[in-house]
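Peer 1: Please work out how this folds:
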Amino acid sequence: GINVWCAAGKGTFGTEELIARVEASGLKEVVSHRSLILPQLGAPGVAAHTVRKRAGFGVHYGPIAARDLPAFIDAGLKATPEMRLKTFTFRERAVLIPIELIEAMRPSLIIAPILFVLGGIGGPSGFWANALHDGLFAALAFLSAVIGGTVINPLLLPHLPGRAFAAKGLWLGAAIAIIVLTFGAFDLSAWSARLAVAAWLLIIPAVTAYLAMNFTGCTPYT
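Peer 2: Below is the predicted model of the structure:
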């Protein structure tokens, strides 16, 4: 899977590690053949000729998906073009959303209440009136940026403009900011309202862009 690819790139799934595991497990005494089937996405970290020379096992790169292994073996270790193609469909992106959302919600569940409380301080009305107006809006605006970066971004990923994930998140965040601010009922005749709008036009895209960029590690993109 993708984790193998990351491990290969960082050297934790590589030639030396593979040889060490083969020797430590006493694999030569366990099996009669001398072939290893490795994940295709682990190929960047493995020098097959070195493994054969030092461990005595030939390396065959299997299909990307583990579910294709039986068919790959039955075909004499030959892969079809479909087995070599890594897809990243809507469904494959959607299953990653809970992981991204849970990680982002941990700090968000601290930040959102703080924004709610701060919104109740210094307004024209009493604390609770200010909090329920300004504070609630601030908390929801921040959470909308989080949802944009962790939920909407993965779902719309191929359709968002830009190549860099941060750029995709920036465009998405700008759209979310405009939508959120239309429900803010700001009196733009006041400088304080103008400053608040300007601040959210910067904050929401920044949060969404950061979370969108963070999604890179869950994808087969480089």
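Peer 1: Distance of the residue nearest the centre of the chain relative to L38?
Peer 2: The C-alpha lying nearest the average C-alpha coordinate of the chain belongs to F215 (CA atoms, centre = their mean; 2.2 Å). According to CB to CB, to the nearest Å, F215 and L38 sit 27 Å apart. Any C-beta I mention is one placed from the backbone N, CA and C, and that applies to glycine too.
Peer 1: returning to what we had before: tell me the contacts of the residue nearest to the centre of the chain?
Peer 2: 96, 100, 149-150, 153-154, 157, 165 (CB atoms under 8 Å, 6 or more residues apart in numbering).
Peer 1: Near L156, how many other residues are there?
Peer 2: Residues contacting L156 under the criterion other CB atoms under 10 Å number 15.
Peer 1: surely it meets W171?
Peer 2: No - using CB atoms under 8 Å, L156 is not in contact with W171, being 10.0 Å away.
Peer 1: Show me what the helix or strand that contains P205 is in contact with.
Peer 2: Per DSSP states H and E: P205 is located in helix 191-214. For helix 191-214, contacts defined as CB under 8 Å, 6+ apart pick out 100, 104, 141-142, 144-146, 148-150, 153, 164-170, 172-174, 176-177, 180-181, 184, 186-188.
Peer 1: Restricted to strands, list the contacts of F215.
Peer 2: Nothing among the contacts of F215 maps onto strands, per DSSP state E.
Peer 1: In helices only, show me the residues you listed.
Peer 2: Those of the contacts of F215 mapping onto helices are 100, 153-154, 165, per DSSP state H.
Peer 1: Right, I'll call it a day here.
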